[in-house]
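>>> Show me the folded form of this:
(one chain, ligands or ions: 1)
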Amino acid sequence: MENTQKRVTFGGKISAVLVAAGSAVGLGNIWRFPYVAGENGGGAFLIIYILCILIMGLPLMIAEFSIGSASRHNAVGAFRTLGHRRWGGIGYIGILASVLILGFYLVVAGWTAEYTIHSLTDDLVRQSDPTFHQRSFEAFIAHPWKPIFYSTLFAVATHIIIVLGVKQGIERASKVMMPLLFIFLIILAIHSMLMPGGMEGIRFFLTPDFSKVTPSSVLVALGQAFFSLSIGLGTMITYGSYFKPKTRVQDTAIEVSAIDTMVAMLAGLMVFPAVFSAGIEPGAGPSLVFITLPSIFSSMPLSQLWSSLFFLLLVIAALTSTISLHEAITAYMHEEWKLTRRSAACITTVLTALLGALASLSLGILDHWRIAGLNIFDALDYVTANILLPIGAMLTCLFAGWCFDKQTFASQLYPSCQPKPFFGLIRFMLRFCCPIIILLIFLHNLGLL
Ligand code: TRP
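Reported below is the predicted structural model:
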């Protein structure tokens, strides 16, 4: 109880939505979503993805917010307070996975910072030859220190915001950056759709072609949905613990999921028309936005402006997400290890920046360090998105459905006495549908089914 009174909270409803949307909207939406959709059949993937968000993502986000706001604790403390000591284990998976995600996320975030600076200084935009961009991207990511410099810079920027605190740092940063992000995104999407030949890209993105969909696309869509919504690892539990006690979590979750999906769609509407307009393969993989888009930008009037805007958009999206991952780890160390917030933040920053450096080097001189055939960067991505995230998500569903006190859970959705039809449905999904679907897809992915 004492914890309830002392804990800082976000200013109000809008702040809660902006901060949580800041976590959700990130490189996952603008960098990962378009290439994953491009590789998995465009429109068909979009339909599966939206179903994953509605059926699995939304109940889980409601559960995470509720667990956070009912317990007023970090991810580990929350499960322990509301359940039993053993449930704290789910929180540990989340903290571990957050460290690992930050490890590779900081690297990609660093690339976006470097590309913003190149765009602003006009370096990047002078060449329109795609092979030039491919070569310069490959040379950059394999460089022994440049990408490390930028990812460390990103880690330091994140650190500063975290040390400023939940209200003065995280909330204020989100309130400035999120509106800016929406404005940039809308300008860029409109610009992209008006490009000659852009309609074909829109058709690719919006017309379903189910022949390209395989069972593994469903897992990819589910992993992408969880990653994009920032759920399964306790990030939203940590943010939920800062909600004002009267915040209606289901409204917040619906708004955050809607914003996140809209941004992913806008990113698709921005990337595919540009890609088709330039006659480039949409399944270009992770390098899509770093190679394809710069070469497209450079052939346009005002190329410097578009390119700078685009990469700045990525920087903002990435920063509000690294903040949330960092906060989940910092809050855990601060509350469970009884460190000061500042020391907890320092340990998190140093640890994740070092992991980021290692991940970055694994794309160059440490390429021969392999884990099950993958370099460190790919291994971090694979292990978190395909293993830890689904496991964390499944255990969170089971906890919320079977162990979380029904009355306490319901009171997070409906602070006053109101009819609760929606609650029954959400709880049913969490008890049965979500864990079973996650388990089936997971086993199938491991080749066990
Ligand atoms: N959702 C973010 C994105 O789309 C990434 C992210 C932030 C995340 N916090 C997370 C992913 C927690 C999983 C869990 O880029």
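>>> For the ligand, what's the nearest residue on the stretch 51-200 of the chain?
In the stretch 51-200 of the chain, the residue that lies nearest the ligand is Ile101 (5.8 Å; Cβ to the nearest ligand atom). (C-beta placed from N, C-alpha, C; glycine too.)
>>> Counting neighbours, what do you get for that residue?
Neighbour count for Ile101, taken as other Cβ atoms under 10 Å: 27.
>>> my guess is it meets Leu325, correct?
Yes: using Cβ atoms under 8 Å, Ile101 is in contact with Leu325, at 6.0 Å.
>>> Pull the contacting residues for the closest residue to the ligand within the stretch 301-449 of the chain.
Residue of the stretch 301-449 of the chain nearest the ligand, by Cβ to the nearest ligand atom: Ser321 (4.0 Å). By Cβ atoms under 8 Å, 6 or more residues apart in numbering, the residues touching Ser321 are 22-28, 105, 230.
>>> Among the residues you listed, name the ones in helices.
Among the contacts of Ser321, the ones falling in helices (DSSP state H) are 22-24, 27, 105.
>>> Can you flag the buried ones in the residues you listed?
Buried members of these, counted by 16 or more other Cβ atoms under 10 Å: 22-24, 27, 105.
>>> export the residues you listed to CSV and tack on pLDDT and distance to Ser411?
Output for these, formatted as CSV (pLDDT from 0 to 100; distance: Cβ to Cβ, whole Å):
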residue, pLDDT, distance to Ser411
Gly22, 97, 27
Ser23, 98, 24
Ala24, 98, 25
Leu27, 95, 35
Tyr105, 96, 35
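>>> ok, which of those residues also contact the ligand?
Among those, proximity to the ligand is found for 23-24, 27 (Cβ under 6 Å from any ligand atom).
>>> distance of Ile291 from Asp381?
Computed as Cβ to Cβ, to the nearest Å, the Ile291 to Asp381 distance reads 18 Å.
>>> try Pro130
Applying Cβ to Cβ, the value for Pro130 to Asp381 is 25 Å.
>>> Among these two, which residue is more densely surrounded?
Between Pro130 and Asp381, counting by other Cβ under 10 Å, Asp381 is the more crowded of the two (21 against 17).
>>> a helix runs through that one, doesn't it?
Yes: under DSSP: H, G, I helix; E, B strand; the rest coil, Asp381 sits within a helix.
>>> That one contacts Tyr105, doesn't it?
No: using Cβ under 8 Å, Asp381 is not in contact with Tyr105, being 9.2 Å away.
>>> interface residues of the stretch 251-400 of the chain facing the ligand?
Listed as neighbours of the ligand in the stretch 251-400 of the chain under the rule Cβ under 6 Å from any ligand atom: 321, 324-325.
>>> now these in JSON lines, with pLDDT, distance to Phe442 and secondary structure?
JSON lines is the format used below for these (pLDDT from 0 to 100; distance: Cβ to Cβ, whole Å; DSSP: H, G, I helix; E, B strand; the rest coil):
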{"residue": "Ser321", "pLDDT": "98", "distance to Phe442": "24", "secondary structure": "helix"}
{"residue": "Ser324", "pLDDT": "98", "distance to Phe442": "24", "secondary structure": "helix"}
{"residue": "Leu325", "pLDDT": "98", "distance to Phe442": "22", "secondary structure": "helix"}
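>>> quick check, nearest of those to Gly94?
When these are compared for distance to Gly94 (Cβ to Cβ), Leu325 wins out at 10.2 Å.
>>> so where's the stretch 101-250 of the chain shaky on pLDDT?
The model of the stretch 101-250 of the chain has pLDDT under 70 over residues 125.
>>> Run through the residues of it sitting next to the ligand.
Proximity of the stretch 101-250 of the chain to the ligand (Cβ under 6 Å from any ligand atom) is limited to residues 101, 227-228, 230, 233, 235.
>>> Please repeat the previous calculation with a cut-off of 8 Å.
Counting by Cβ under 8 Å from any ligand atom, the stretch 101-250 of the chain comes close to the ligand at 101, 105, 226-236.
>>> Distance to Tyr35 added to the residues you listed, as JSON lines?
Rendered in JSON lines, the data for those read as follows (distance: Cβ to Cβ, whole Å):
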{"residue": "Ile101", "distance to Tyr35": "18"}
{"residue": "Tyr105", "distance to Tyr35": "16"}
{"residue": "Phe226", "distance to Tyr35": "17"}
{"residue": "Phe227", "distance to Tyr35": "13"}
{"residue": "Ser228", "distance to Tyr35": "13"}
{"residue": "Leu229", "distance to Tyr35": "18"}
{"residue": "Ser230", "distance to Tyr35": "19"}
{"residue": "Ile231", "distance to Tyr35": "21"}
{"residue": "Gly232", "distance to Tyr35": "21"}
{"residue": "Leu233", "distance to Tyr35": "22"}
{"residue": "Gly234", "distance to Tyr35": "27"}
{"residue": "Thr235", "distance to Tyr35": "23"}
{"residue": "Met236", "distance to Tyr35": "25"}
